[in-house]
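Trainee: Build me a structure from this.
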Amino acid sequence: MKHLQDTTTLNNGVNMPWLGLGVYKVEDGDEVISSVKAALETGYRHIDTAALYNNEQGVGQAIRESGVPREEIFVTSKVWNSEQGYESTLQAFEASRKRLGLEVLDLYLIHWPVKGKYLDTWKALMKLYKDGYVRAIGVSNFQIHHLQDIMDDSDIVPAVNQVECHPLLTQKPLLKFCRENQIQLEAWSPLMQGNLDVPLLDELAAKYGKSKAQIIIRWDLQNEIVTIPKSVKPHRIAENAQVFDFELSEEDMQRIDALNQNKRFGADPDNFDF
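Mentor: Numbering: from 1, shown residues only. Sure, this is the predicted structure:
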């Protein structure tokens, strides 16, 4: 991957950009509109939102006003936990689609593996996919056993699994499982929610002449993990994309891997309460 618009090919042949803009906790209206527009002007072609974020309307408006052709932009949204189940997921998708103002979504994900519900939710996603309303379907925050459940129960393997992933939570067993099953791993909170006070990252930032955020994003990309760092500042959005002009050495990749503590800043997918 040498360019901001380089893509990975998902297991159904759809191309998904390696780097995107996440908009979690970005306010609907002016804030999200200006963030998405700044990203698209910088050259991003991948925007990740969700029903939970309450900013799908602004994301859709920014896409329409950006001047970038719709077919060039990869848009992801997600069904929230309280909407899971077969019929309610179909209704939630329709509501998301209307808020975004888009005919077709590029990727739709189950946001969390809600016990007793996610298999029915997956059936709804399969229907949306087969009916042509979404180009690819996947999951978020699924562990290996959740993925196995879905694969045992259906004929469509999730195209993407979006999970918390960063140098303190490297998710290596999950990454290996996803690779073996042609599921693209995607990292949310790649920048550890700003908890970047790690001496090795300082050292590597100095060595490569890059920011600590850029070091982490590059580490993601070289691990073949799609990544969606969030920012609302245009200069930071641009900076996060300046990761295609250098490469981390194999030794430095392994040193970052060795930072793993299985530390989560978000909820545990096997034990969450929302």
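Trainee: And the strands in the stretch 1-150 of the chain?
Mentor: 7-9, 15-17, 21-22, 46-48, 74-79, 107-110, 137-140 (DSSP state E, counting those that start in this stretch).
Trainee: Including distance to L174, could those strands go into a markdown table?
Mentor: C-beta coordinates here come from the backbone N, C-alpha and C atoms, glycine included. Listed next are these as a markdown table, based on distance: least, Cβ to Cβ, whole Å:
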| stretch | distance to L174 |
| --- | --- |
| strand 7-9 | 17 |
| strand 15-17 | 18 |
| strand 21-22 | 19 |
| strand 46-48 | 19 |
| strand 74-79 | 18 |
| strand 107-110 | 16 |
| strand 137-140 | 12 |
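Trainee: Quick one: residues contacting G101.
Mentor: Counting by Cβ atoms under 8 Å, 6 or more residues apart in numbering, G101 touches 57, 60-61, 64.
Trainee: Please repeat the previous calculation with a cut-off of 6 Å.
Mentor: G101 is in contact with G60, counting by Cβ atoms under 6 Å, 6 or more residues apart in numbering.
Trainee: returning to that earlier point: can you say which of the strands of the stretch 1-150 of the chain is nearest to I217?
Mentor: strand 21-22 (11.9 Å; Cβ to Cβ).
Trainee: one step back: of the strands of the stretch 1-150 of the chain, which is nearest G209?
Mentor: It's strand 21-22; of the strands of the stretch 1-150 of the chain, that one is closest to G209 (Cβ to Cβ) at 24.0 Å.
Trainee: Packing partners of the closest one?
Mentor: Helices and strands in packing contact with strand 21-22 are not found; criterion 3 or more Cβ pairs under 6 Å, 6 or more residues apart in numbering; DSSP states H and E.
Trainee: Off-centre distance for that strand?
Mentor: On the basis of Cα atoms, centre = their mean, to the nearest Å, strand 21-22 sits 8 Å off its chain's mean C-alpha point.
Trainee: Kindly report the same for stretch 19-26.
Mentor: 8 Å.
Trainee: for the strands of the stretch 1-150 of the chain, which one sits closest to S154?
Mentor: Nearest to S154, of the strands of the stretch 1-150 of the chain and by Cβ to Cβ, is strand 137-140 at 10.3 Å.
Trainee: partners of the closest one, with directions?
Mentor: Paired neighbours of strand 137-140 in the sheet (DSSP bridges): strand 107-110 (parallel), strand 160-164 (parallel).
Trainee: Show me what stretch 182-194 is in contact with.
Mentor: Here stretch 182-194 makes contact (Cβ under 6 Å, 6+ apart) with 8, 10-11, 158, 160-162, 164-166, 175, 178, 213, 216, 220, 225-227, 229, 265.
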